[in-house]
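Q: pasting the sequence and the predicted model now:
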Amino acid sequence: MYASRSSLLAGLLWALFVALEVSALAVGGDESSKTGLLLSLRQAATPAAAANVACAEYSRVANYSVIAGNSTYRAAFQQASPLGTFESTAIIDGAVKKLPEFQFDGPINAACGNLTEVAIAGAEANFTRGVVAEFNINAGPRAAAAAQLGLVFSVALATVGMLSLL
């Protein structure tokens, strides 16, 4: 408990120090140094961050589109989703509408690759492990319930058979 508090406190103090340092650099000096600092901060953060955000969004949209396009994956996703049928359907159908924007965008495909093909292969591999999107769809509890139902049915059938002999 103490270690997490001290690391949190250290992180907050470091963030405060960095914020004060950046504001001191921006306030002090002439106008050209302020512009140079702001320009370098903006240029350093934009290209890589934008590419990562675009690739992450493309990956999410591709995964949900693959789920929407396969009736088995779609049914498993809707059943496993805690959001309910309407909300989960809205998520995957919305992704299908967004997918062409990513598939036919040359710069995004150059930066990220063909994430639709990756999603197709990944969905198949995940489904064989009992996973659709972020949900576990293993049939363990359902198999146990089916076995119990089979036992009850067998006992009822045996009882009816014994009664018919009397």
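A: Nice, I can see it. Numbers count the residues shown, from 1 in each chain.
Q: does A123 really touch A62, like I thought?
A: No - the criterion here is Cβ atoms under 8 Å, and A123 misses it with A62 at 9.4 Å. For the C-beta atoms, the positions are set from N, CA and C on the backbone; glycine is no exception.
Q: please identify which of these two sits among more neighbours.
A: Taking neighbours as other Cβ atoms under 10 Å, A123 and A62 compare with A62 leading, 25 against 22.
Q: for that one, report the pLDDT, please.
A: With respect to pLDDT, A62 scores 93.
Q: and for S65?
A: For S65, pLDDT reads 94.
Q: contact partners for it?
A: I92, A95, V96, L99, T116, A119 (Cβ atoms under 8 Å, 6 or more residues apart in numbering).
Q: same list (those residues) but as CSV, adding secondary structure, pLDDT and distance to L83.
A: Formatted as CSV, the contacts of S65 follow (DSSP: H, G, I helix; E, B strand; the rest coil; pLDDT from 0 to 100; distance: Cβ to Cβ, whole Å):
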residue, secondary structure, pLDDT, distance to L83
I92, helix, 93, 11
A95, helix, 94, 14
V96, helix, 94, 17
L99, helix, 93, 20
T116, helix, 89, 24
A119, helix, 92, 20
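Q: now those: which count as buried?
A: Buried by 16 or more other Cβ atoms under 10 Å: I92, A95, L99, T116, A119, out of the contacts of S65.
Q: all strands of this protein, in order?
A: Secondary structure of the chain, counting by DSSP state E: strands at 131-132, 135-136.
Q: tell me which of those lies nearest to A54.
A: Closest of those to A54 is strand 131-132, at 24.5 Å (criterion: Cβ to Cβ).
Q: what helices or strands is that closest one leaning on?
A: Other helices and strands packing on strand 131-132, by 3 or more Cβ pairs under 8 Å, 6 or more residues apart in numbering; DSSP states H and E, are helix 71-80.
Q: the helix it packs on - contacts with which helices or strands?
A: Using 3+ Cβ pairs under 8 Å, 6+ apart, helix 71-80 sits against helix 31-69, helix 85-103, helix 115-128, strand 131-132, strand 135-136.
Q: buried set for that helix?
A: Buried, per 16+ other Cβ under 10 Å, within helix 71-80: Y73, R74, A76, F77, Q78, A80.
Q: quick one, it and helix 115-128 angle?
A: Orientation check (axes from the mean of the first three to the mean of the last three Cα atoms, to 10 degrees): helix 71-80 against helix 115-128 gives 70 degrees.
Q: what lies in contact with helix 71-80?
A: 66-68, 85, 88-89, 92, 123, 127, 132-133, 135-137.
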